[in-house]
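Q: model this:
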Amino acid sequence: MERAEPLAPVPNTLCRALERATDFPGTGLRFLDRRERERFFSWAEIQSRSLRVAAGLRELGVGRGERVALVHPTCPELIDGLFGVLLAGAVPVPLYPPVRLGRLTEYHERTARMLDAASAVVVLADRRVQRLLGATLEKARPRWGCHTVEDLSIDGEAVEPVDASPAELALVQFSSGTTVAPKPVALSHRAILAQVRILNSFWPDTENLRHSGVSWLPLYHDMGLIGCIFPALERPSVLTLIGPEVFVSRPAVWLRTLSRYRATISPAPNFAYGLCVEKIRNEEMEGVDLSSWTVALNGAEAVAPSVLRAFRQRFARWGFSESALTPVYGLSEAALAVTFSALDQPFVTRRFERETLAHHREARTAKDVEDPEENGGEHPSRGSVELVSVGRPVPGFDLEVLPPDGRPGNAPLPEDAVGRIWVRGPSLMEGYLDRPEATSRALVDGWLDTGDLGFLHQGQLFLTGRAKDVVILRGRNYPPDEIEHAAGRVQGVRTGCVVATSWLPDDGEREELFVFAEHAKGVSEEERKAIPEACHREVAAATGLDPDHVVVLEPGTIPRTSSGKLRRRETLDRHLAGELTPPDSVTPVRLAGALARSGLAYARLRWGGAPEDR
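A: Residues are numbered from 1 along each chain as shown. You can find the predicted model right below:
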C-alpha cells in the first residue's frame, strides 16, 4: 500500500494541539440536530468555552491528574467539558449516557462500577442526563458530585492551562467489554497524538483537495473521539457531528450530510452500512452526491463481505466509489487503528476452506467455488468461508500471529496459520488504570495481546473472531460472525441483532449451537413464527451447521456494550438463567417514576440535593 507523507509533527499534548488549532481560520466543529440544522464552533470558541470549565473545576477543588467523568450525548457541552478537564490538568473519562431507558437499573450498576474503576472525583453531565443519574451517583459517590458544564463554567480569562507532559495520562477510555467487563484503558498524550499522526498521514491535504469528515459515532467511544475529534485538531477543515440516535432513527441523514458538505472521510461499524441498505428509501436520497466520499472506513466489529457488496451496489447510482469502502482493524488498547486496507483500491476478500480453518487452524485458499460477485455473494459453497482483509499494519506498528501459549520474541506462526494477534506500536496504552495484574497479562515486552484471532495471508490480516467468542462444536472452532450474518438475512430479523454461541451442558456429550435473533419491530405473528425455520435453512446453507436452538427475542433484548457491540456470552448466560428479558417499555409514567427515584437518590447524598427541574 502506498503511504502518504506524514504531516509536520503536531504539538506533544492535547492542550497544545487545541492552542495551535485556534490559528486555523474557519476550522472547528459543526453540530447537526435532528432537523439537520447546524451550529458551528471554531476552535477558538471551543478553547474559550473550555477555559471557563477549567476555571470552574479548579474552583470546585479538582486537582491535577484527578479523573473527571463526562456523561453527555453528542453536543457542544461535551467538547467544552472534555477540553476543560484537560486544560485544568485533570483526566477526562467519557462514559455513555443512559440511551436505553428500558435498562436503567442495569445502566446504574454498570456506570457506577466504571466511576469506581476510574476513581472519578466528579461527574459532568448534560442537564437532561443529570436528572436520571441519581441512583448511579448514590452508588459511586464521587467526591465533588455531579454538575453541568453550564453551571460549572466561570470566568476563564485568568486561567493558565496546565502544561502537561507528553507522558502524563490524557484519557481513560473504557474498552468495549464484549467478553468481559469493560476495563479502563489509560492513554497518555504521547500515545493519542501518535495515533493522530498515523491517521492524518493517510489523507494529506493538497492544492486540489481539502479533506473533511462527518461522524455520527458516539464520542465516548474511541472510534468517535480518538478517530475523529482529536485528528480534527490538526486539520485545516471542519468536522461535522451527528448524534448516533439521529443516525439510527434516520440513517439517510448520514449520507445526506456527506453530500451536503462534500465530506471525504467518514467511519462506521459494519452494521451501519447494512442499516443504510435496509432502511434508506430512494426518495430520501434525492439530490445526494456521494462522489466526494473517498474514505468509508469500516471497523469496530466484524466486516461482512455481503454487506460491503450490498452497500457498494445500492449507492453506486449516487456516485459512491468502488474503492471507497476501507476495512480497518483496531482496539481501545492501541488508541484505535492497527491495520488499514489500501485507500485507493476496492476491498479485498478471499475464500478459504471451512474445514481446514475449523479443524486445523490453517487458512487454505478454496478452489473451484462460484464467484460471489456473480451470485450476489449468497452461499457460493458450504465448504468455504469468505473473509475480508483488514489490510496491513499502519505506519509504526508491528503485528505477529502467535500460538495460544506463545509470547512475543519467540517464533511467530507462518502465514496462513491461525493464531492469537499481538501488536506493537507508538500508540499503545500505558496499561489498565490501577490494574497491574490485568496490565501484565495484556502487555508483554512492549507487545499487546489483542485477544483476537486471525492469520496473515499474502501480508494482509484476516480476522476470525475474538478468542473468547469462538463457537466450538465437536472440537472445531467456528467464527460466530458468519453464522450471525446468515441468520441476519432472514426476513423479519432485526439488522445487526443476532448472536451465535456454543454451550456444553454439564451432563451433555457434545456442544450445542444457539442462535439468538431479535425480530424486527412491526413484524406480524406469522412472520415471527417463521423465523426459526428460516434461520435453520440460512445457517445450514451458508455454513453447513444446523443450530440446535433458535431463540427469537423481542427488540432490544440482546445485551450490548456501551458502543453497541453484542455481548454473546452474557446473552447465553442470561438465557440459561431465565433472565434474558426485553427492556421495559418506556412510557411517560415509567419515565416520571425514574426521575422521581433519581431525585430521591440525590436527596440522600451528602453533597446536595436533586438538580433543579428546568
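Q: quick check: mean pLDDT across stretch 195-205?
A: In this model, stretch 195-205 carries a mean pLDDT of 88.
Q: equivalent analysis for stretch 561-580, please.
A: On average, stretch 561-580 scores 83.
Q: list the buried residues of that stretch.
A: By neighbour count on 16 or more other CB atoms under 10 Å, the buried set for stretch 561-580 is 561-572, 574-575, 580. Just so you know, the C-beta spots here come from the backbone N, C-alpha and C atoms, and that holds for glycine as well.
Q: got any ranges where the stretch 1-150 of the chain has weak pLDDT?
A: Confidence mapping of the stretch 1-150 of the chain against pLDDT under 70 gives the ranges 1-10.
Q: can you give me the strands for it?
A: With DSSP state E, counting those that start in this stretch, the ranges of strands along the stretch 1-150 of the chain come out as 28-32, 38-42, 67-71, 91-95, 120-125, 146-147.
Q: could you do the stretch 201-350 of the chain as well?
A: Going by DSSP E, counting those that start in this stretch, the stretch 201-350 of the chain shows strands at 213-215, 238-242, 265-268, 295-298, 325-331, 336-340, 349-353.
Q: let me know which of those strands is the nearest to Val159.
A: strand 238-242 (25.4 Å; CB to CB).
Q: returning to what we had before: got a markdown table for the strands of the stretch 1-150 of the chain, with mean neighbour count and distance to Ala596 too?
A: Below are the strands of the stretch 1-150 of the chain laid out as a markdown table (neighbours: other CB atoms under 10 Å; distance: least, CB to CB, whole Å):
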| stretch | mean neighbour count | distance to Ala596 |
| --- | --- | --- |
| strand 28-32 | 19 | 32 |
| strand 38-42 | 14 | 33 |
| strand 67-71 | 26 | 20 |
| strand 91-95 | 25 | 23 |
| strand 120-125 | 25 | 18 |
| strand 146-147 | 22 | 17 |
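Q: tell me, how many residues neighbour the residue nearest to Thr439 when sequence neighbours are not counted?
A: Using CB to CB, 6 or more residues apart in numbering and skipping the chain neighbours, the partner closest in space to Thr439 is Gly431 (3.5 Å). Using other CB atoms under 10 Å, Gly431 has 19 neighbouring residues.
Q: where does Glu278 land on pLDDT?
A: pLDDT at Glu278 comes out at 88.
Q: first to last residue in stretch 251-270, what's the distance?
A: End-to-end span of stretch 251-270 (CA to CA, to the nearest Å): 13 Å.
Q: sorry, slip of the keys, the one I care about is stretch 402-409.
A: Start-to-end, stretch 402-409 (CA to CA) is 10 Å.
Q: ok, now stretch 347-356?
A: One end of stretch 347-356 sits 24 Å from the other (CA to CA).
Q: and for stretch 392-399?
A: Length of stretch 392-399, first residue to last, CA to CA: 9 Å.
Q: same check on stretch 408-424?
A: Start-to-end, stretch 408-424 (CA to CA) is 10 Å.
Q: same question, stretch 349-367
A: Here the two ends of stretch 349-367 are set 14 Å apart, with distance taken as CA to CA.
Q: can you give me the buried ones in it?
A: Under the neighbour-count criterion of 16+ other CB under 10 Å, stretch 349-367 has 349-354, 356-358, 361-363, 366 buried.
Q: what is the nearest of these to Thr74?
A: When those are ranked by distance to Thr74 (CB to CB), Thr349 comes first, at 33.0 Å.
Q: tell me the mean pLDDT over stretch 583-594?
A: The model assigns stretch 583-594 a mean pLDDT of 78.
Q: what is the burial count for Ala167?
A: For Ala167, the neighbour count with other CB under 10 Å is 13.
Q: Three-state assignment for it, please.
A: coil (DSSP: H, G, I helix; E, B strand; the rest coil).
Q: once you drop chain neighbours, what's closest to Tyr478?
A: Distance criterion CB to CB, 6+ apart; nearest residue to Tyr478, sequence neighbours excluded, is Val471 at 4.4 Å.
Q: distance-wise, check the one you found relative to Ala542.
A: Using CB to CB, to the nearest Å, one gets 14 Å for the distance from Val471 to Ala542.
Q: and what of Glu554?
A: From Glu554 across to Ala542, the span is 25 Å (CB to CB).
Q: of those two, who's got more company?
A: Ala542 (22 against 15).
Q: quickly find the element holding the more buried one.
A: Secondary structure from DSSP states H and E places Ala542 in helix 525-543.
Q: contact partners of that helix?
A: 354, 379, 382, 385, 478, 482-483, 485-487, 489-493, 515, 517, 519, 545-547, 550, 552 (CB atoms under 8 Å, 6 or more residues apart in numbering).
Q: let's go with 7 Å and repeat that
A: Here helix 525-543 makes contact (CB atoms under 7 Å, 6 or more residues apart in numbering) with 379, 382, 482-483, 486-487, 489-493, 515, 517, 519, 545-547, 550, 552.
Q: quick check: next helix or strand after it?
A: With elements assigned by DSSP H and E, the helix or strand that comes after helix 525-543 is strand 549-553.
Q: relative orientation of that next one and helix 525-543 in degrees?
A: Computed by axes from the mean of the first three to the mean of the last three CA atoms, to 10 degrees, the angle separating strand 549-553 from helix 525-543 equals 140 degrees.
Q: follow-up on the earlier one: buried stuff in the helix holding Ala542?
A: Burial within helix 525-543, assessed by neighbour count using 16+ other CB under 10 Å, is assigned to Glu527, Ala530, Ile531, Pro532, Ala534, Cys535, His536, Glu538, Val539, Ala542, Thr543.
Q: adding distance to Pro11 and pLDDT, write those residues out as TSV.
A: Putting these into TSV (distance: CB to CB, whole Å; pLDDT from 0 to 100) gives the following:
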residue	distance to Pro11	pLDDT
Glu527	56	87
Ala530	59	91
Ile531	54	92
Pro532	57	91
Ala534	56	91
Cys535	53	91
His536	57	90
Glu538	52	89
Val539	52	88
Ala542	50	82
Thr543	50	82
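Q: where is pLDDT lowest across the buried residues of stretch 349-367?
A: Least confident of the buried residues of stretch 349-367 in the model: Ala358, at 75.
Q: so which helix or strand takes in it?
A: Assessed by DSSP H and E, Ala358 sits inside helix 354-360.
Q: what helices or strands is the helix or strand just after that helix leaning on?
A: The C-terminal neighbour of helix 354-360 among helices and strands, as given by DSSP H and E, is strand 384-388. Judged by 3 or more CB pairs under 7 Å, 6 or more residues apart in numbering; DSSP states H and E, the packing partners of strand 384-388 are helix 305-315, strand 349-353, helix 354-360.
Q: sheet partners, orientation included, of strand 384-388?
A: strand 349-353 (antiparallel) (DSSP bridges).
Q: ok, and what's touching the partner strand?
A: Contacts for strand 349-353 (CB under 7 Å, 6+ apart): 305, 363-366, 369, 380, 383-388, 457.
Q: and it, how far from the chain's centre?
A: 26 Å (CA atoms, centre = their mean, to the nearest Å).
Q: ok, stretch 120-136 next?
A: The chain centroid and the centroid of stretch 120-136 are separated by 23 Å under CA atoms, centre = their mean.
Q: what's in contact with it?
A: Stretch 120-136 is contacted by residues 60, 62, 66-73, 75, 77, 81, 93, 97-98, 108, 111-112, 137, 142-149, 152, 594-595, 597-599, 601-602, 610-611, 614 when judged by CB under 7 Å, 6+ apart.
Q: before we move on, back to that, outside of the helix holding Ala358 itself, list whatever touches it.
A: Where contact means CB under 7 Å, 6+ apart, the residues beyond helix 354-360 that reach it are Glu362, Ala363, Arg364, Gly383, Ser384, Val385, Val418, Thr464, Arg476, Asn477, Tyr478, Gly544.
Q: what of stretch 47-65?
A: Stretch 47-65 is contacted by residues 18, 22, 68, 80-81, 83-85, 87-91, 121-122, 144, 149, 152-156, 159, 161-162, 169 when judged by CB under 7 Å, 6+ apart.
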